[in-house]
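>>> mind folding the following:
(one chain, ligands or ions: 2)
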Amino acid sequence: MVEDILVLKNVTKSIGERNILTDVSFTLKKGETLGYLGPNGAGKTTTIRIILDLLKPTSGNAFLFDKKASEADRRRVGVVLENAGFYDNLSAEVNLSYYSRIYNIRDKEGRVKELLEFMNLWDRRNDKVGTFSKGMRQKLAIAKSLLHDPELLIFDEITSGLDPEARIIVREAIMKLENLEKTILLSSHDLEEIQKIATQIIILKKGRIIVNDSLGNLRSRHNVPLFEVSVDKLAVTEKILSRLGFVSDFKAATANRLLITLKSYENAPDLLEVLIKEGVKVFSSSIIQSSLEEVYLDIIREDKKKVEAAVDVTK
Ligand SMILES: Nc1ncnc2c1ncn2[C@@H]1O[C@H](COP(=O)(O)OP(=O)(O)OP(=O)(O)O)[C@@H](O)[C@H]1O
Ligand SMILES: [Mg+2]
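Ligands and ions are numbered 1, 2, ... in the order given. So this is what the prediction gives:
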């Protein structure tokens with residue numbers, strides 16, 4: 001059985017009259033990467049602060065490695081929150097060395113070097129952190145979070161404000177961590193990023209979980225089944241498509257490429273069979289996956305409809 005690394009059970013947080021989190025429950029198993037999504041103010045950072053025992057829930061509990069957040073072994077967790085604390089007038093290397101002493105790491109010098117290299121900061125190791133750009137600080141913060149080789153990593157909006165190159169570096173770093181079987185919770189607004197990295201998706205809205213599923217399931221449930229073919233005879237193909245019941249829509253993308261909306265992905269082989277039987281040469285064909293952005297917008301739309309319907313019933 002795969003070990004549960006992080007479990008939230010009915011976590012609720014109210015501040016004054018305001019419900020910031022309501023009944024938030026989820027489990028993160030060893031090796032999973034969770035994309036924790038939601039609009040500004042949805043409660044992502046609040047959830048993370050509760051997991052780290054920086055904030056007490058009003059009711060419910062967070063458990064890390066089978067222990068309550070307040071009793072969990074924090075050495076097994078690596079964290080990057082907004083505004084990581086560094087000594088601005090000390091160099092990157094000295095900063096990491098300082099934290100490696102706090103964590104009491106064995107080969108301090110070797111580990112600091114390894115991580116500065118891992119995050120492409122080795123050339124800047126002697127520069128004061130105060131002179132670092134936002135992206136460089138962020139990379140250093142990731143290096144710091146990895147010093148003690150934690151099993152669970154929690155990153156709160158780790159790539160916001162980074163340039164495309166830094167984003168790719170950070171993304172690749174996270175992927176390397178996945179290969180090391182780390183368990184990762186990643187809050188983000190960057191869906192493009194999340195769909196490349198995360199396996200599980202939670203969407204939070206006004207402090208409640210509206211979706212908790214694997215990316216694969218979400219894609220197939222909220223997917224528009226798109227299929228692309230490149231053919232020799234466009235006009236003939238269009239004629240055939242217009243009489244097929246399982247084709248809901250189609251449009252020509254170029255002189256020999258067509259984008260076809262199917263009723264279901266399962267119709268893709270049937271479509272190919274018909275085309276070939278009718279003498280159309282098919283040079284290539286591929287299923288087009290919906291992006292997480294399309295999935296996310298579809299979920300938000302669906303949720304809005306649900307809320308409106310609920311309001312209607314109470315009228
Ligand atoms: N100490 C506090 N006192 C009062 N309200 C708070 C406090 N901390 C957070 N909140 C409120 O809780 C809600 C959730 O905030 P949180 O920072 O968790 O959102 P978030 O999902 O991380 O948003 P963002 O994407 O902008 O980072 C917000 O409405 C925020 O104003
Ligand atoms: Mg936040």
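>>> hey, let's count contacts and neighbours off CA atoms from now on
Fine.
>>> since we're on residue 26, how many residues are nearby?
16 (other Cα atoms under 10 Å).
>>> who are the contact partners of it?
Residues in contact with residue 26 (Cα atoms under 8 Å, 6 or more residues apart in numbering) are 7-9, 212.
>>> SS state for it?
strand (DSSP: H, G, I helix; E, B strand; the rest coil).
>>> which parts of this protein sit against ligand 1?
15, 20, 39-46 (Cα under 6 Å from any ligand atom).
>>> now, of these, which are buried?
20, 42-46 (16 or more other Cα atoms under 10 Å).
>>> save these as a markdown table, and put in pLDDT too.
Conversion of those to a markdown table gives the following (pLDDT from 0 to 100):
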| residue | pLDDT |
| --- | --- |
| 20 | 96 |
| 42 | 94 |
| 43 | 96 |
| 44 | 96 |
| 45 | 95 |
| 46 | 96 |
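>>> so can I have a markdown table of these showing secondary structure?
Below are these laid out as a markdown table (three-state DSSP):
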| residue | secondary structure |
| --- | --- |
| 20 | strand |
| 42 | coil |
| 43 | coil |
| 44 | helix |
| 45 | helix |
| 46 | helix |
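>>> which two among the residues you listed are spaced furthest apart?
Pairwise distances across these (Cα to Cα) peak at 10.6 Å, for the pair 20 and 45.
>>> for the helix or strand hosting residue 301, buried residues please.
Element membership of residue 301 [criterion: DSSP states H and E] is helix 292-314. Neighbour-count burial for helix 292-314, with 16+ other Cα under 10 Å as criterion, is recorded at 292, 294-296, 299-300.
>>> and which of those residues is nearest residue 232?
Nearest to residue 232 among those: residue 294, at 30.8 Å, using Cα to Cα.
>>> tell me the pLDDT of the closest one.
pLDDT, residue 294: 78.
>>> ok so, going back, can you lay out the buried ones among the residues of the chain next to ligand 1 as TSV showing distance to residue 220?
Output for these, formatted as TSV (distance: Cα to Cα, whole Å):
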residue	distance to residue 220
20	31
42	25
43	27
44	25
45	29
46	30
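>>> between those, which is closest to residue 216?
residue 44 (22.4 Å).
>>> pretty sure the closest one is touching residue 38, no?
Yes: between residue 44 and residue 38 there is a contact at 7.2 Å, judged by Cα atoms under 8 Å.
>>> contact partners of stretch 245-256?
Contacts of stretch 245-256 (Cα under 8 Å, 6+ apart): 230-234, 238, 241, 258-264, 267.
>>> which among the residues you listed end up buried?
Buried members of the contacts of stretch 245-256, scored by 16+ other Cα under 10 Å, are 230-231, 234, 241, 258-264.
>>> now, which of these sits nearest residue 29?
Once Cα to Cα is applied, the member of the buried ones among the contacts of stretch 245-256 that ends up nearest residue 29 is residue 264, at 31.7 Å.
>>> and that closest one, what does it touch?
225, 246.
>>> repeat that for 7 Å
Counting by Cα atoms under 7 Å, 6 or more residues apart in numbering, residue 264 makes contact with residue 225.
>>> can you get me a residue count around the residue in the stretch 201-315 of the chain positioned nearest to ligand 1?
Residue of the stretch 201-315 of the chain nearest ligand 1, by Cα to the nearest ligand atom: residue 207 (7.1 Å). Neighbourhood size, residue 207 [other Cα under 10 Å]: 23.
>>> tell me the pLDDT of the closest residue to it other than its chain neighbours.
Once flanking residues are discounted, residue 207 sits nearest to residue 21: 4.0 Å by Cα to Cα, 6 or more residues apart in numbering. Per-residue pLDDT puts residue 21 at 98.
>>> tell me the angle the helix or strand where residue 201 lies makes with helix 292-314.
Per DSSP H and E: residue 201 is located in strand 200-205. Interaxial angle, strand 200-205 versus helix 292-314 (axes from the mean of the first three to the mean of the last three Cα atoms, to 10 degrees): 40 degrees.
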